[in-house]
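**Q** Okay, predicted coordinates and the sequence, questions at the end:
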Amino acid sequence: MFNTLSKNLTNILEKLTKKGIVTEADVNNTLREVRISLLEADVALEVVKDLIEKIRVKATGQSVIKSVTPGQQVIKIVNDELVELLSGKDQSDHSLKIDSPPASILMVGLQGSGKTTTSAKLANFLKRKENKKVLMASLDTSRPAAMEQLKILGNENQIDVLEIIQNQKPLEIATRAEQQARLGGYDVFILDTAGRMHISENLMDEIIQIKSKINPNETLLVVDGLTGQDAVNVAKTFNELCNINGIVITKLDGDSRGGAALSMRAVTKKPIKFIGIGEKSTELEVFDPVRISNRILGMGDIVTLVEKAQEKLDADKTEKMLRRLEKGQFNMNDLRMQLEQTIKMGGMKGMMGMIPGFGKISKQIDSAKIDDKILSKQIALISSMTKKEKAYPQILQASRKKRIAFGAGQDVSDLNKLIKMHRQMSDMMKKIGRKSGKGMLRNLLGDLTGSGDDKKGIEKILEKNPNLSRQLSSQLSQNNFSSMMGNIPGFMKKK
């Protein structure tokens, strides 16, 4: 997400931090490069002009130029302005207004934007995160199998879908969905409208009629993040014709340059409420301007990483691992658990983007061509071992290695790299135990999974570790990254 923009801005702004003294000319040259990067990322020209001017006025002030750390001050100003651009004046409008059941959400957008999939993702989100009873209904009578698609998605996520009655018109289906939601005691019902290849009067008339009849609590526009500048025009037109309440941007896990997200908020004055980051039903995130700005500027996103850990990691398994780490123990069973947890949290590349400091070694990450399928291959190698070999990997000699590699369908050289990686990780765990003591390790990992003694939240983690981001960034040096990743079999492939 925002990969190209993030790399460019990180590299540009890092030059300032290396300067002991920053002049007004330095700031102007930096902002010229920032302007080019934003335009290349499909940010609208008028939005770029306004943003750059606001940054220029604040960044060329005497309090910044003559400060002890002028480069850091400029980065802070850029970050603050990005947050304001993404959040607007009223930050309370980012939440869904679904307090009065049955609340209704009308999903609108062009065909191919991921509207039906997003409807199911949103229903799943409300069910899991908000504990809402949700009903979905498809109003798309024009696209073949559209209703069946929503029904399948509903079944996969155990979410109720309105029964399909052939030859009913969209307005009739919407009315029936509202009645069913009231009678069935649903908290929310989501209406998935028909999309079109382009904005047409018929499409808008249909949406306006439904809005007039149902009076939805939320009208959300679903926009494909890969469509670039055209996404801004679509958002602007939909907002003018049917007065949307918010925007959902999909496919931000792909090669999107991300500028559309920055532009849509500024042009429509309507909040971006959610972003789609994958195909799975759970891969829908609340749009948080502060976190997104941090990601764009290469500052990582520790809070989201912690939230994923709390949601995905197994607290009991982590507790057992903690007790072993405190004793300086780390065998192949522990490594396998780490690999499985990494896959659950979105793989290596997904986690790296949220760790502070990785933006500085983005070129290495790109050249590495990280492939998370390697994690599954590593697990296969460990699965081919006997219980004794997993517990005591030091007994692995030539004959055992051949048998294990053959059982996993891989080469002995791959197994040797896995063993070397395990040995390095084991040494690292012992050092952490000695340097940090049991308390810090237990507090950090215990709170990540909610398995600590007091089960405190994310804010407590950051409160207890105010320099967590900085510490992680300093520890992830270029040499450490190359050394660690180079020993994962097949993980770092040459171009």
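**A** Happy to help now that I have it.

**Q** give the contact list for residue 270.
**A** Residues in contact with residue 270 (Cβ atoms under 8 Å, 6 or more residues apart in numbering) are 221, 235, 239, 244-247, 264. From N, CA and C alone the C-beta is placed, and that goes for glycine too.

**Q** again, only this time at 7 Å
**A** Residue 270 is in contact with 239, 244-247, counting by Cβ atoms under 7 Å, 6 or more residues apart in numbering.

**Q** need the residues you listed in a markdown table with secondary structure, can you?
**A** A markdown table is the format used below for the contacts of residue 270 (DSSP: H, G, I helix; E, B strand; the rest coil):
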| residue | secondary structure |
| --- | --- |
| 239 | helix |
| 244 | coil |
| 245 | coil |
| 246 | strand |
| 247 | strand |
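
**Q** Name the residues of the strand or helix carrying residue 401 that are buried.
**A** Assigned by DSSP states H and E, residue 401 falls within helix 398-408. Counting neighbours by 16 or more other Cβ atoms under 10 Å, one finds that the buried residues in helix 398-408 are 400-401, 404-405, 408.

**Q** Kindly report the same for stretch 157-168.
**A** Buried residues in stretch 157-168, counted by 16+ other Cβ under 10 Å: 157, 159-162.

**Q** tell me, how many neighbours does residue 57 end up with?
**A** 10 (other Cβ atoms under 10 Å).

**Q** and it, backbone torsions?
**A** phi -60, psi -40 (degrees, to the nearest 10).

**Q** Quick check: it vs residue 131, distance?
**A** 46 Å (Cβ to Cβ, to the nearest Å).

**Q** same deal with residue 426?
**A** 42 Å.

**Q** now do residue 343
**A** Residue 343 is 27 Å from residue 131, where distance means Cβ to Cβ.

**Q** what do you get for residue 41?
**A** From residue 41 over to residue 131 (counting by Cβ to Cβ), the distance is 38 Å.

**Q** domains of the protein?
**A** 3-91, 92-298, 304-486 (automatic domain parsing).

**Q** picking that back up, more crowded one of residue 343 and residue 131?
**A** residue 343 (16 against 8).

**Q** Wait, that one touches residue 374, no?
**A** No: here residue 343 does not reach residue 374: they are 10.7 Å apart, not a contact under Cβ atoms under 7 Å.

**Q** and residue 216, what is it in contact with?
**A** By Cβ under 7 Å, 6+ apart, the neighbours of residue 216 are 104-106.

**Q** what's the answer for residue 213, then?
**A** Counted by Cβ under 7 Å, 6+ apart, residue 213 has contacts 171, 174-175.

**Q** Can you read off the backbone torsions of it?
**A** phi -80, psi -50.

**Q** so how far is residue 284 from it?
**A** 27 Å.

**Q** what are the ranges of the strands in the stretch 151-300 of the chain?
**A** Per DSSP state E, counting those that start in this stretch, the stretch 151-300 of the chain carries strands over the ranges 160-161, 188-192, 218-224, 246-250, 272-276, 284-286.
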